[in-house]
Each structure stands twice: as C-alpha cells, then as structure tokens.
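Novice: attaching a predicted model along with its sequence, questions to come.
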Amino acid sequence: AQSVSQHNHHVILSEAASLELGCNYSYGGTVNLFWYVQYPGQHLQLLLKYFSGDPLVKGIKGFEAEFIKSKFSFNLRKPSVQWSDTAEYFCAVNPSGSARQLTFGSGTQLTVLP
Amino acid sequence: EAQVTQNPRYLITVTGKKLTVTCSQNMNHEYMSWYRQDPGLGLRQIYYSMNVEVTDKGDVPEGYKVSRKEKRNFPLILESPSPNQTSLYFCASSWLGSAAEAFFGQGTRLTVV
C-alpha cells in the first residue's frame, strides 16, 4: 500500500518569507499527487495537483509544487507567504487507476506571523 | 452552488448510543467517501463508494457502517459509538478516476463520552 510522509509538522514563518513544505510518498508505480489546504475551521480545498506532463505544477494563490520522480517527492513552494496562508497543508497520493483514492500525509501546520 | 453538505456539524453523544452523520452532494458525483481526521495522523479513509449500492472498506472501517441507496447521499452510521471514535469527520465526493479532485464537506466534530 502507498504511504505519504510530511516531515514538517509545524512551520512558523514571517510574512514575505519563502515556503517549502516537504512531501515524500512510497509507491513504485505511476501516481497522481495532490496538495490540499485546510484554513482554520474550514474544509479541505484543492491547492494543486499533478497527474502527468510538466512536473512543475502551479496552483491557486501563488503556490506551486515540483514532482521529482527519482526522489518520490512532491514539495510545495511559495516565494512569499502572507498571513492569510496560515493553515494546515496536506499532501495526498493516489496511484493511477486506483479505485480507493487519496492517501493523505499527516499534515503540516503553517503559521505566518504578521 | 456545488457543495457537499454534512450534518450535524457538532455532536456530543454517549457511549453506545447509535448515531448517523448525513452527507449529501449536488454534483452528481459517482464517488463518495468518509474520512476521519486526528491530530498527527492526517486524514484516514473509513469507507468509500463508487456508485449506488457499491461500498467498500477504507483503512479504518471498524465500528462504522455506510450505505449508498441514492447517488447523492452517503450516511455514516456508528452503531455503538466508543470514545476512540471521537474525531473530526469529513465526507468527500468526486468523479471516478484517480486524478479527480475531491470536494469535501465542512466536517462533523464528534465527541463520544
């Protein structure tokens, strides 16, 4: 079975700092990769996803992620964070062709200080 | 507006008292699923359904039941809740396909005392 590791449990940054959140997965075949965000008290929303093509994926609100197949990684980046980016971020994987969908990592809580 | 609606949002109950959390989606999605979210563990899938009358176990199905009698509804049933089922629950729906975006409900915070 596939699994997802998010090594940073809590990240604290000041506004305008650059962000990189790590995500590694374990699965030997072709995968679809996702980043979801959960703002305080809200439901999860899709930030971006990769399923094929250009490994550098751009999402909403200035976020991007790079799929590096050789490293089984899908790290999330943003050049300059804002206070409104404070949220919990979840990486998720779904093997191509799988019926089950979405195995999530444990999440990274991002706190941006004004 | 496209949405997944869960009810109730908050629920406190006692051990052993059967309860149902409802989930409804208005996007005509084939796929629906239930997750529980616990600190440090992320979201873990409880049950999923690929269409009406087709359901299957996820990673943590013990103590839960589901049904899919209509395409839009996917209730989660706890026949005899226990304190270890205290959690935040999310229902999600999507089109079939491993690259499909999942749409989540607002969550149900359940406390079992």
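Specialist: Everything's here; your move. Numbering: from 1, shown residues only, chains lettered A, B, ... in the order given.

Novice: show me where the chain has its strands.
Specialist: Since you didn't name a chain, this refers to chain A. A:3-5, A:10-14, A:19-21, A:24-26, A:31-38, A:44-50, A:56-58, A:64-68, A:73-78, A:87-95, A:103-104, A:108-113 (DSSP state E).

Novice: look at chain B instead
Specialist: B:4-7, B:10-13, B:19-25, B:31-38, B:42-51, B:54-57, B:65-66, B:76-78, B:87-94, B:103-104, B:108-112.

Novice: tabulate the ones you listed (JSON lines), appending mean pLDDT.
Specialist: Shown next, in JSON lines, are the strands of chain B (pLDDT from 0 to 100):
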{"stretch": "strand B:4-7", "mean pLDDT": "96"}
{"stretch": "strand B:10-13", "mean pLDDT": "96"}
{"stretch": "strand B:19-25", "mean pLDDT": "98"}
{"stretch": "strand B:31-38", "mean pLDDT": "95"}
{"stretch": "strand B:42-51", "mean pLDDT": "93"}
{"stretch": "strand B:54-57", "mean pLDDT": "94"}
{"stretch": "strand B:65-66", "mean pLDDT": "98"}
{"stretch": "strand B:76-78", "mean pLDDT": "98"}
{"stretch": "strand B:87-94", "mean pLDDT": "95"}
{"stretch": "strand B:103-104", "mean pLDDT": "94"}
{"stretch": "strand B:108-112", "mean pLDDT": "97"}
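
Novice: next, format the ones you listed as TSV and append mean neighbour count and distance to A:Val81.
Specialist: In short, each C-beta sits where N, CA and C put it, glycine included. Listed next are the strands of chain B as TSV, based on neighbours: other C-beta atoms under 10 Å in any protein chain shown; distance: least, C-beta to C-beta, whole Å:
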stretch	mean neighbour count	distance to A:Val81
strand B:4-7	19	28
strand B:10-13	13	31
strand B:19-25	19	32
strand B:31-38	24	23
strand B:42-51	21	22
strand B:54-57	14	39
strand B:65-66	18	39
strand B:76-78	19	35
strand B:87-94	23	25
strand B:103-104	22	23
strand B:108-112	18	28
